[in-house]
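Asks: take a look and give me a structure for this.
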Amino acid sequence: MKHDRLTIVALAVIACALVTVVHEGVGHGGACVLSGCKPELMTSMQFQGDHRGLSTAAVKFIAAGGTIANLIFAAVAIMLLARRADATWFFLWLIASMNLMLSTGYLLYSGVANIGDWSVIIRGWSPGWFWRLTLALIGGVTYWLTVKWAMRTLGSRLGEDRVREANSLSLVSFITGGVLSILAGPFDPGGLSVVLISGAAASLGGSSGLAWGPQLLHDPAFAPRRGEALEVRRSWRAIAAAVAVAAMFILLLGPGWKLSR
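Replies: Numbering: from 1, shown residues only. Next up, the predicted model:
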C-alpha cells in the first residue's frame, strides 16, 4: 500500500507537538497548579514553576505529572482506535505509541543517567543505586513491550511488503519529530543543556522505537494481518494544520510561554 508521505509528515508534526504539550503543559503544569505551585514558563523542552514553600511530596508529584499525563492520553488514544483504516487511525496510533514510549523511556533514561523527571522522584530514597537500577529495569522492560505493542498493532494493518511500509509510516514520523524538536531547541532560554537533556532525550531517544521497531516485522509470525489495510491518503487539512502547529511550536513554544505576571 502506498501512503501519502506529506500527510504522514503533517500528522507526525501535530502528534509530536501534542505529546510535548501534554507532557510539559498538561502534566507538569497541571500538577504544578494542583500542588499550589505558581507556573512560570513552558517551552518545547521544559516546564518551570515556583516550588518555594512546597513539600517534597508536592515537588515529586509535579515531576511525575508529565509521565502521568502521557499515560492517560495514551490510554484514551488506544480506546479510540476503532475499526478504521485511514489517517485518523494512524494519527491515534502515533499518539498512543509516542506517549507510551516517552513515559516508559523516561524511566529507563532517569535510571541510567540519574537526570530528568524520575531522578527527582527517587531523590533521597536509599539506597540510591537500587532505585536507579529498578527504574532502569522497569523502563527497559516496559519500553520493549511498548514497541512490540506498537509494531504489532501497526503490522496487523499493513500489506505484504510491511517492513518497507512500516518504515514509511513509523521511521518518517520519528525523523519528523526529531527535526521539529531540533528546530525549536535553539530558541529555548535554558540553553544547550536543556536541549540535550530534555529535547534530544525525548524526541530522539524516547521515540527511537519508531525508528528500529519496524525490524520486528521481518518475522512473518509477528503481527499477522487483521482487518482492513491501512491507507493514509493526501489530506490538505492535516497539512495546513501541521504548518500552523509547526510555526507555533518553533516560534512561540520554542522560546517559551511566560506564565507568570
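Asks: following the lowest-mean-pLDDT helix or strand in the chain, which helix or strand comes up?
Replies: Within the chain, confidence by mean pLDDT, DSSP states H and E is lowest for helix 192-194 among all helices and strands, at a mean of 63. Moving toward the C-terminus from helix 192-194, the first helix or strand encountered (DSSP states H and E) is helix 209-212.
Asks: so what does that following helix touch, helix or strand wise?
Replies: Counting contacts by 3 or more C-beta pairs under 8 Å, 6 or more residues apart in numbering; DSSP states H and E, helix 209-212 is packed against helix 87-113, helix 128-155, helix 172-184. Just so you know, the C-beta spots here come from the backbone N, C-alpha and C atoms, and that holds for glycine as well.
Asks: now the element after that helix, going C-ward?
Replies: The helix or strand immediately downstream of helix 209-212 is helix 236-248, counting by DSSP H and E.
Asks: list the residues that contact K60.
Replies: 120-121, 123 (C-beta atoms under 8 Å, 6 or more residues apart in numbering).
Asks: number of residues surrounding I239?
Replies: Per other C-beta atoms under 10 Å, the neighbour tally for I239 reads 16.
Asks: I'd say it and A10 touch.
Replies: Yes - the pair I239 / A10 is scored as a contact, 4.5 Å apart, by C-beta atoms under 8 Å.
Asks: R234 and D86, how far apart?
Replies: Note on R234: its distance to D86, by C-beta to C-beta, to the nearest Å, is 12 Å.
Asks: wait, E165
Replies: Distance of E165 to D86, computed by C-beta to C-beta: 15 Å.
Asks: and what of N167?
Replies: Remark: distance between N167 and D86 (C-beta to C-beta) = 20 Å.
Asks: got it, and P224?
Replies: 21 Å.
Asks: for these two, indicate the residue with more neighbours.
Replies: Set side by side, P224 and D86 show more neighbours around D86, with 13 against 9, by other C-beta under 10 Å.
Asks: and that one, what does it touch?
Replies: By C-beta under 8 Å, 6+ apart, D86 lies in contact with 230-233.
Asks: L216 now?
Replies: The neighbours of L216, taking C-beta under 8 Å, 6+ apart as the test, are 147-148, 151, 155, 222-223.
Asks: repeat that for A63.
Replies: Contacts of A63 were listed using C-beta under 8 Å, 6+ apart, and they are 28, 117-118, 120-121.
Asks: contact partners of stretch 158-173?
Replies: 1, 3, 5, 8-9, 11-12, 15-16, 90, 94, 150-151, 154-155, 210-211, 213-215, 217-218, 225, 229-230, 232.
Asks: I'm done for today, thanks for sticking with me.
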